[in-house]
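# any chance you can model this:
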Amino acid sequence: MKKKSPSWSHILKTACERTGLKPDEVEVGVYIVSPEKMRELNKKHRGKDKSTDVLSFPIRIKHDILYLGDIFVNKEEPPSRLPFLVVHGFLHLVGYDHERSKKDEKVMFSMQNEILDHLRD
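Presented below is the predicted three-dimensional model:
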């Protein structure tokens, strides 16, 4: 029997807990968009004229809840990749960046794998 993918709330709750945030004090927007919209966003905000699988835009507004920002996922990605993409985008929202250096890449991917492993348990 095929294992059901975790819910958005479970993915984000696990990512919060593993990065030291309190899930009930954090909010994140997750949007599923077309490849054309991904290309438009990627070009506008990163100067890259191509579609991509996931983009994250940190905001970090603190009222009663800390709004971390938005994650955009390309709707053409297979459902099986959604946990990975949401976790990857979430880590960018909280400051991880695999493009800064090899060391940062190792740190981010290690945390990413830890969260995804925990989701599989």
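
# name the nearest residue to residue 75, ignoring sequence neighbours.
Among residues not flanking residue 75 along the chain, residue 32 sits closest, at 4.7 Å (Cβ to Cβ, 6 or more residues apart in numbering). (Glycine included, C-beta is placed from N, CA and C.)

# that neighbour and residue 38: what is the separation?
10 Å (Cβ to Cβ, to the nearest Å).

# more neighbours: which of these two?
residue 38 (22 against 14; other Cβ atoms under 10 Å).

# mind listing what's buried in whichever strand or helix holds the more buried one?
Using DSSP states H and E, residue 38 sits within helix 35-46. By neighbour count with 16 or more other Cβ atoms under 10 Å, helix 35-46 contains the buried residues 37-39, 41-42.

# quick one on the thing from earlier: overlap of the contact sets of residue 32 and residue 38?
By Cβ atoms under 8 Å, 6 or more residues apart in numbering, residue 32 and residue 38 have these common neighbours: 72, 74.

# helix, strand or coil for the residue nearest to the spatial centre of the chain?
Centroid-nearest residue in the chain: residue 89, 1.9 Å away (criterion: Cα atoms, centre = their mean). Secondary structure, DSSP: H, G, I helix; E, B strand; the rest coil: residue 89 is helix.
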